[in-house]
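K.L.:
Generate coordinates for the sequence data below:
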Amino acid sequence: MKITQFPGFRVGVHDAQITFRTLLNALSYPGMTQEICVQLTPPPGLTLACAAACLSLLDLDTTVWLSSEFEPDVKAWLKFHTGCHFTTHPQAASFAIIQKLSNRPSLGDFNWGTAEKPELSTTLLIQIESLAPCEPIRLNGPGISEEQVIKLPLDSSFREEWNKNHQSYPLGIDVFLFRENTIIGLPRTTNLSL
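P.N.:
I've put the predicted structure just below:
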């Protein structure tokens, strides 16, 4: 792979700031779809939104767990543009990048932080590959006025694991869900139900 075929942000700092603000909005308003408005050509296997999030969140001090479905080109691109480090141990990761929601590891495999430092938990960046019809899922909690309804392929196993995650607050993980150029945030404070 030639890294020059897949450059980073076209307008460096500006695009990173716009993306970071969008990520914050996604966590501040759980379940609301946020659109990434930057120009970027990610390597095959990464959506535009997930790639933009990686360029905004990862740096020399972050450790990343990358799901095995990704081609080596993705790892090389991330390393070149962010300088991040990689681990094969989910518990050691600051961020986990998961290519397909359907092949994700258990949420319990990742670091949920400690009572003293809950912010040390792993943040999951998960790509959603399917637009198949899904059951509506109801969200409530901080940042949601009354109730938010989403239609995403979050199966019963994910919902059960998420409820344990939610009940462990302030411990637990936060999740970003990506389609091509959109993001939905699920902070650990959000409750999911059918």
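K.L.:
In the longest helix anywhere in the chain, which residues are buried?
P.N.:
For the chain, the helix with the greatest residue count under DSSP state H is helix 12-28. Residues of helix 12-28 classed as buried: 15-16, 18-19, 22-23, 26-27 (neighbour count, 16 or more other C-beta atoms under 10 Å). Using the backbone N, CA and C atoms, a C-beta is placed for each residue, glycine as well.
K.L.:
which helices and strands sit right next to that helix?
P.N.:
Applying 3 or more C-beta pairs under 8 Å, 6 or more residues apart in numbering; DSSP states H and E, we find helix 12-28 packed against strand 34-35, helix 48-57, strand 174-178, strand 182-186.
K.L.:
nearest to residue 107, of these?
P.N.:
strand 174-178 (8.2 Å; C-beta to C-beta).
K.L.:
mind listing what the closest one pairs with, with the direction of each?
P.N.:
Within its sheet, strand 174-178 is paired with strand 123-127 (parallel), strand 182-186 (antiparallel), according to DSSP bridges.
K.L.:
Helix or strand for residue 78, just tell me which one.
P.N.:
Assessed by DSSP states H and E, residue 78 sits inside helix 72-82.
K.L.:
I'd like the mean pLDDT over that helix, please.
P.N.:
Across helix 72-82, pLDDT averages out at 94.
K.L.:
Report all helices and strands that it contacts.
P.N.:
In terms of contacts (3+ C-beta pairs under 8 Å, 6+ apart), helix 72-82 is packed against helix 48-57, strand 63-66.
K.L.:
Can you tell me who residue 127 pairs with across the strands?
P.N.:
As for beta bridges, residue 127 partners with residue 178 under DSSP bridges.
K.L.:
Let me see the contact set for it.
P.N.:
For residue 127, the contact set (C-beta atoms under 8 Å, 6 or more residues apart in numbering) comprises 46-47, 50, 98-101, 177-179.
K.L.:
And residue 110, by the same measure?
P.N.:
Contacts for residue 110 (C-beta under 8 Å, 6+ apart) come out as 65, 90-91, 93, 96, 121-122, 124, 173.
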